[in-house]
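# need a 3D model of the following:
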Amino acid sequence: MSGYLSVLIPSLPFSEPTTSREAALAMQPFAETQRDRLEAFYRSRGLYGATDVEVEVLHGIRRQSCCARRNELLKLGRVVKTDQRRSHCAVYVHVEAR
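Residues are numbered from 1 along each chain as shown. Have a look, this model is predicted:
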């Protein structure tokens, strides 16, 4: 699976500052594990789904990482954004829940 992902997501994104690039490179070894954990979490929530804040709190993962992994799952077509909102935050569900 990592070979498949490397074609779709060759490297983690970063903005121009050197610190952002360094942070993205440091995160590279953990990204796939986090992505798998988050996908399983979205799947377990069914149609109720989850917001980025809920993912952050329940998994103890920083918001920047939560959003990055969720965006990767969106690009891979495994998670979709719904029209729902909780506490002013968008709700995302796993595609199998739809």
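# could you check how far L76 is from Q84?
To Q84, L76 is 21 Å away according to Cβ to Cβ, to the nearest Å. For glycine as for every other residue, the C-beta is placed from the backbone atoms N, C-alpha and C.
# same check, this time on S65
From S65 across to Q84, the span is 23 Å (Cβ to Cβ).
# looking at those two, which is more packed in?
Taking other Cβ atoms under 10 Å, S65 and Q84 do not tie; S65 has more neighbours (20 against 14).
# what's the closest non-adjacent residue to that one?
Q34 (6.2 Å; Cβ to Cβ, 6 or more residues apart in numbering).
# could you verify that the one you found is part of a helix?
Yes - counting by DSSP: H, G, I helix; E, B strand; the rest coil, Q34 falls inside a helix.
# correct me, but it touches R69?
Yes - counting by Cβ atoms under 8 Å, Q34 does reach R69; the two are 5.0 Å apart.
# so for these two, which residues contact both of them?
I61 (Cβ atoms under 8 Å, 6 or more residues apart in numbering).
# what about the two, which has more around it?
Taking neighbours as other Cβ under 10 Å, Q34 and R69 compare with R69 leading, 27 against 18.
# quick one: mean pLDDT for the helix or strand encompassing that one?
Taking DSSP states H and E as the definition, R69 sits inside helix 63-75. Per-residue pLDDT over helix 63-75 has a mean of 93.
# buried stuff in it?
Across helix 63-75, burial judged by 16 or more other Cβ atoms under 10 Å covers 65-66, 68-70, 72-73.
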